[in-house]
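Okay, here's the prediction I keep looking at, along with the sequence it came from:
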Protein chains: 2
Amino acid sequence: MKSLAENKIEVAQCSGFCFGVKRAMRIAKEALDKNKDAGVYSLGPIIHNNQVVEELTKEGLKPASLDDIKKGVVVISSHGAAPKVFSQIKAKGLRVVDATCPYVMSTQKTVEALSKDGYFIVIFGDRRHPEVESLMGFSGGTAAVVKDEKELGTIEFPHKKIGIVSQTTQLPANYIKVISAVMEKGFSEIRIFNTICSDTQKRQESAAALAKDSDVIVIIGGKMSANTKRLFEICSNICKGTYHIETADELKKAWFKGAGRIGIASGASTPDWVIEEVKNKILMIKEEGMGNG
Amino acid sequence: MKSLAENKIEVAQCSGFCFGVKRAMRIAKEALDKNKDAGVYSLGPIIHNNQVVEELTKEGLKPASLDDIKKGVVVISSHGAAPKVFSQIKAKGLRVVDATCPYVMSTQKTVEALSKDGYFIVIFGDRRHPEVESLMGFSGGTAAVVKDEKELGTIEFPHKKIGIVSQTTQLPANYIKVISAVMEKGFSEIRIFNTICSDTQKRQESAAALAKDSDVIVIIGGKMSANTKRLFEICSNICKGTYHIETADELKKAWFKGAGRIGIASGASTPDWVIEEVKNKILMIKEEGMGNG
């Protein structure tokens, strides 16, 4: 990759909304257009970006708990939901609009099929993340969730026919570590699915390439966003000056002192306008710095 | 494990014929009893032990190539044969007596099912071993055979849905290395079967335990025997004085000079009487040594 010119700010090649987020946004907006009077609700953030969620709330998408919704439409977030949640919504006579990312849906189907075929399922991911909660639901609630290979140590597998999937936004290298640790515990059969989505991998690769060539790299994305956390993990291993922010307001002048080559990478649910704001604010900081110097 | 007394010779806990070899011997002898006049043939050694094969040849089991057999019974060896071989035997109007080890048969069925389901198959083993040749046949001839993870480097997978099996007599640790290397090449799905047989694993563990506590360890088994080669590989990494022989005639006095603790381990097709002969010959060498000293 070409060297960044001094005082140049470069945005990672893979940037902006991913396919699944774009799709969820379109579905949510259509639901809002078509159901102006009925009430449109989401059970959690539809994507993991507070700025976007605030915008959608202004447009009428109301965050609510299922108990409080009496009538209208419930939008399932891009991260998906357990089958039980769909049943509960339908049981209340509410309409479902499903914005689950097709990649997540594919993992859900895999988990469901593995469970039906009698595999004990290991899910690599964060057990509090809604995507993983949905996968747990599709497994019939019997899967083991591990965030790293160390967590496997304490898990007793009920039998040795094991299926393994990953949250779509994890790091491939870490997934391989988990799989290897499962193998070390002994097995009769292991079935492994590469459920890390291609956008996640491309985004990680382009962020890593940029980090190698930057003095400072700013990662923009929701604090709850799993794929953004992974970008931070990757870049901070390459570049000392790695910072994770949600908005331009969090930028600090001190980060850029003496830094010529500045990179920007962003999570899959970070809108272009937030990236643009961050870029402009950094330019301003740099110009001020030059004026002072 | 208890320390071996000085000048004591200990035989590994898991020793003598394995289940599959015992069964193959019984089937071959029954075929000989029942078909005294028809002619009983084997297409290769029925088990990988020359001494046993010689005994069976004396009893009437004739090694032959299929082209030369005009009538009678063909015994399939414990290592199995490709479906094509069964068809060829039947096409010639000969009778088949199948002594394939049930563990090998299970791997054959796995390979056949994986192939039908569209998996590209990786077989971990020695491509010239009859068991692996049989597995290749059950894969429809499209599998890749690798003897270690380095061999994977040159292989282009036609697609990324991969099934992996191992020859029944390989080392689990080496199998895991091959699997990890397959994962590193990228995949959409990998299905791994632990086809290393339990006898192989127990035999390897008991040989390793004995090697740790021995000055010299003698491994007895056919030079073509895959499981014996693995025992040699394991023990020579633990004990410098590791030797592989087929019969007592190959023992050398020099090996035992100054060695107090002597271990004997044996492959799955080594008969008890060969083990006994080796033990007695070592005792004789030791006694001579003491007499001289």
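Happy to help now that I have it. Note that this is a predicted model, so its numbers are computed, not measured.

Return the residues of chain A in contact with chain B.
Within chain A, the positions near chain B by Cβ under 8 Å from any Cβ of the partner chain are A:160, A:176, A:179-180, A:183-184, A:186-194. Yep, even glycine has a C-beta here, placed from its N, CA and C like the rest.

and the two most separated of those?
A:186 and A:194 (22.9 Å; Cβ to Cβ).

higher neighbour count, the two?
residue A:194 (19 against 12; other Cβ atoms under 10 Å in any protein chain shown).

re earlier: among the residues of chain A next to chain B, which are located in helices?
Taking DSSP state H, the ones among the residues of chain A next to chain B that sit in helices are A:176, A:179, A:180, A:183, A:184.

Which members of these are classed as buried?
A:176, A:179, A:180, A:183 (16 or more other Cβ atoms under 10 Å in any protein chain shown).

who touches the second one in this structure?
With Cβ atoms under 8 Å, 6 or more residues apart in numbering or on different chains as the criterion, the residues that contact residue A:179 are A:164, A:190, A:192, B:183.

next one: the third one
Taking Cβ under 8 Å, 6+ apart as the contact definition, residue A:180 lies against A:149, B:176, B:180.

which of the residues you listed lies closest to residue B:288?
Closest to residue B:288, out of all of these and judged by Cβ to Cβ, is residue B:176, at 44.9 Å.

surely that closest one meets residue A:183?
Yes - between residue B:176 and residue A:183 there is a contact at 5.4 Å, judged by Cβ atoms under 8 Å.

Make sure residue A:37 is indeed in a helix.
No - read with DSSP: H, G, I helix; E, B strand; the rest coil, residue A:37 is coil and lies in no helix.

if you go through chain A in chain order, where are the helices?
A:19-34, A:50-59, A:83-91, A:102-116, A:130-138, A:172-184, A:198-212, A:226-238, A:272-292.

I'd like these laid out as JSON lines, including mean pLDDT.
Formatted as JSON lines, the helices of chain A follow (pLDDT from 0 to 100):
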{"stretch": "helix A:19-34", "mean pLDDT": "95"}
{"stretch": "helix A:50-59", "mean pLDDT": "93"}
{"stretch": "helix A:83-91", "mean pLDDT": "97"}
{"stretch": "helix A:102-116", "mean pLDDT": "97"}
{"stretch": "helix A:130-138", "mean pLDDT": "97"}
{"stretch": "helix A:172-184", "mean pLDDT": "94"}
{"stretch": "helix A:198-212", "mean pLDDT": "95"}
{"stretch": "helix A:226-238", "mean pLDDT": "96"}
{"stretch": "helix A:272-292", "mean pLDDT": "87"}
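
Between the ones you listed, which one is closest to residue B:139.
That would be helix A:172-184 among these, by Cβ to Cβ, at 22.3 Å.

quick one: that closest one to helix A:226-238, angle?
The directions of helix A:172-184 and helix A:226-238 differ by 100 degrees, with axes from the mean of the first three to the mean of the last three Cα atoms, to 10 degrees as the criterion.

Work out the gap between helix A:172-184 and the centre of the chain.
Taking the mean of its C-alpha atoms, helix A:172-184 sits 21 Å from the chain's own mean (Cα atoms, centre = their mean, to the nearest Å).

circling back to that earlier point, just the closest of the residues of chain A next to chain B to residue A:67, please.
Checking the residues of chain A next to chain B one by one against residue A:67 (Cβ to Cβ), the nearest turns out to be residue A:193, at 35.0 Å.

burial of the closest one, as a residue count?
By other Cβ under 10 Å, neighbour count at residue A:193 equals 20.

That one bridge partners, please.
residue B:189 (DSSP bridges).

dump the residue contacts of it.
A:107, A:110, A:163, A:164, A:165, A:166, B:188, B:189.

I'd like those residues written out as TSV, with distance to residue B:31 and neighbour count added.
Converted to TSV, these look like this (distance: Cβ to Cβ, whole Å; neighbours: other Cβ atoms under 10 Å in any protein chain shown):
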residue	distance to residue B:31	neighbour count
A:107	52	26
A:110	47	19
A:163	43	24
A:164	45	26
A:165	49	28
A:166	52	27
B:188	46	12
B:189	42	16
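
Between the buried ones among the ones in helices among the residues of chain A next to chain B, which sits nearest residue B:59?
Looking across these and measuring by Cβ to Cβ, the closest to residue B:59 is residue A:183, at 44.1 Å.
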